[in-house]
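Enquirer: sequence first, then the predicted structure, then my questions.
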Amino acid sequence: MKRVFLQNYKPLEFKFYQNKDDFIVTENPIKFTNRGNFIILKIEKERLGTWDLIDSLARNLNIYDNEIGYAGLKDKNATTTQHISIPRKYAKDIKKFKHPKIKILETYLHSTKLNIGDLIGNSFEINLHEVESCDVGVIEKRLHELGKNGMPNFFGYQRFGKDVKENLEKANKIIYGDLKIRDRKLEKMLISIYQSDLFNKWLVKRVEMSDGKFKLLDGEVMKSLDDLKFFTPNKINEKIIKDFEDKKIVPTGLLCGREVYRARNEAQLIEKEFDDTYIQEKGLRRDAIIFPKDIFVNYDVENKKCKLKFTLPKASYATVVVENIANQNLRV
C-alpha cells in the first residue's frame, strides 16, 4: 500500500541504500539504574537483525532466548547500536563472548529486564547517493519543514515483510478462526502486520483530508508529549491547535484490538472504517504525526553524496523520512 505525504513537493531523484555504511542507527536508551539484577549490553552490530542478535547471544551464552530483553527491533541491513538485557548471573560468560558482526561497547546494571518500548527514540545517519548539488538545499529545506510541521508516522515497508499479501491473508484467517498457528511469536507478528496495515490505510485517508498540515478532527484521541497521557476533546479549539503546533500534543491512530481508547464524534466516523473488533490482541494508540529533530545535512560534492542526520521518536521509520523528502515511495 502506498504511503502519501502532507507536503505537495515535486518528486526528487536520488539513490538510497540500506547497508552497513549508508544506514546507521543508534538507539537512545532510557536512563539505567546502575544497580540491580540485570546487565545492559550496549551492542553494535552489522548486517544482523535483532532476532539474529538474540539467537547468537542465547547460543553462545547457553541461555534461553526469553531471558534476553530488548527495547526495539533494529534493521538487518544496517549498522545499528542497541541495548540488550540479560540476567546478572551471566556476567562472567559475557566476557568470553565473541562474534565477528557483534561488538559489546559498554555494560551497565539495571533493576529490570528490558521490554519493548524501553527507549526514548533512535538517531539516524543516512547517505543519499547521486544527489545533484542543486537539490541539496531542497533536501535540507524539506527535512527542516518536516521537523517544523510534522510528517505522517506510517509503518515503513520493512514492517510487512516480502510477502505482504500472503502475510495479511494469513493474519485475517487467524483472527477469524480459519487458521491455527502453533508458533505464538509468528502469530503475534502476523496480527501486528494486519493492525499496521489498517493503521496505514487510516492514515492515508486522514492525510488526504489535510492540506500541508495535519487536520485535527473533533473527538480525536490526542496524546500529551509531556506525560504521555491520552485525552479526547469533543471539539478542536484554538488551544488544541496551538498545543499541536507547539509540539506539546499529537493526534493518534488506532492499532485495533482490546482495551484501547477509541475516537469519538467526527474522528470516530473515519476510524471505525479501519477497525476490526474481532482482534483479541491488546490494542494500542500510535502517534499519527512525528517531528524529526537534531537535523544535520552535509554534501560531498565529489561523490554526489548527501549525508542526513536526524532523531526520531521510538516506533518511527527513517525510511519514511526519506520517502517524504523524495515525495515518492521507496517500495510499494
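Expert: It's in. Numbers count the residues shown, from 1 in each chain.
Enquirer: mind checking how far the residue located most distally from the centre of the chain is from Gly36?
Expert: Centroid-distance maximum for the chain: Lys92 at 33.9 Å, with CA atoms, centre = their mean. Applying CB to CB, to the nearest Å, the value for Lys92 to Gly36 is 18 Å. C-beta here means a position set from N, CA and C on the backbone, and glycine is covered the same way.
Enquirer: rewinding a little: make sure the residue farthest from the centre of the chain is indeed in a helix.
Expert: Yes. Secondary structure assignment places Lys92 in a helix (DSSP: H, G, I helix; E, B strand; the rest coil).
Enquirer: do you know how far it is from Ile40?
Expert: According to CB to CB, Lys92 and Ile40 sit 16 Å apart.
Enquirer: now Arg142
Expert: Where Ile40 is concerned, Arg142 sits at a distance of 36 Å (CB to CB).
Enquirer: neighbour-wise, which of the two wins?
Expert: Ile40 (25 against 21; other CB atoms under 10 Å).
Enquirer: list the contacts of that one.
Expert: 29, 32, 83-85, 107-110, 114 (CB atoms under 8 Å, 6 or more residues apart in numbering).
Enquirer: which of those residues count as buried?
Expert: Neighbour-count burial within the contacts of Ile40 applies to 29, 32, 83-85, 108, 110, 114; the criterion is 16 or more other CB atoms under 10 Å.
Enquirer: farthest pair in the residues you listed?
Expert: Phe32 and Ile84 (12.4 Å; CB to CB).
Enquirer: tell me which stretches of the protein form helices.
Expert: 50-61, 91-94, 133-149, 164-175, 184-208, 238-245, 265-271, 318-326 (DSSP state H).
Enquirer: of these, flag the one that's most buried.
Expert: Mean neighbour count (mean count of other CB atoms under 10 Å) peaks for helix 318-326 among these, with a mean of 23.
Enquirer: alpha carbons of it, as PDB, please.
Expert: This file holds the C-alpha atoms of helix 318-326, laid out as PDB (Å, rounded to 0.1, in the frame of the first residue of the first chain):
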ATOM      1  CA  ALA A 318      13.700   6.600   8.900                       C
ATOM      2  CA  THR A 319      12.900   5.200   5.500                       C
ATOM      3  CA  VAL A 320       9.500   7.100   5.800                       C
ATOM      4  CA  VAL A 321      11.500  10.300   6.300                       C
ATOM      5  CA  VAL A 322      13.500   9.600   3.100                       C
ATOM      6  CA  GLU A 323      10.200   8.900   1.300                       C
ATOM      7  CA  ASN A 324       8.800  12.300   2.400                       C
ATOM      8  CA  ILE A 325      12.000  14.100   1.200                       C
ATOM      9  CA  ALA A 326      11.800  12.300  -2.200                       C
END
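Enquirer: quick one: least confident helix or strand in the chain?
Expert: Sorting the helices and strands of the chain by mean pLDDT, DSSP states H and E puts helix 91-94 at the bottom, at a mean of 90.
Enquirer: same for that helix, what does it pack against?
Expert: strand 38-46 (3 or more CB pairs under 8 Å, 6 or more residues apart in numbering; DSSP states H and E).
Enquirer: so what's the gap between the strand it packs on and the chain middle?
Expert: Remark: strand 38-46 is offset 20 Å from the chain centroid, using CA atoms, centre = their mean, to the nearest Å.
Enquirer: adding distance to Gln7, write the helices of the chain out as a markdown table.
Expert: Output for the helices of the chain, formatted as a markdown table (distance: least, CB to CB, whole Å):
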| stretch | distance to Gln7 |
| --- | --- |
| helix 50-61 | 32 |
| helix 91-94 | 47 |
| helix 133-149 | 7 |
| helix 164-175 | 26 |
| helix 184-208 | 10 |
| helix 238-245 | 16 |
| helix 265-271 | 21 |
| helix 318-326 | 7 |
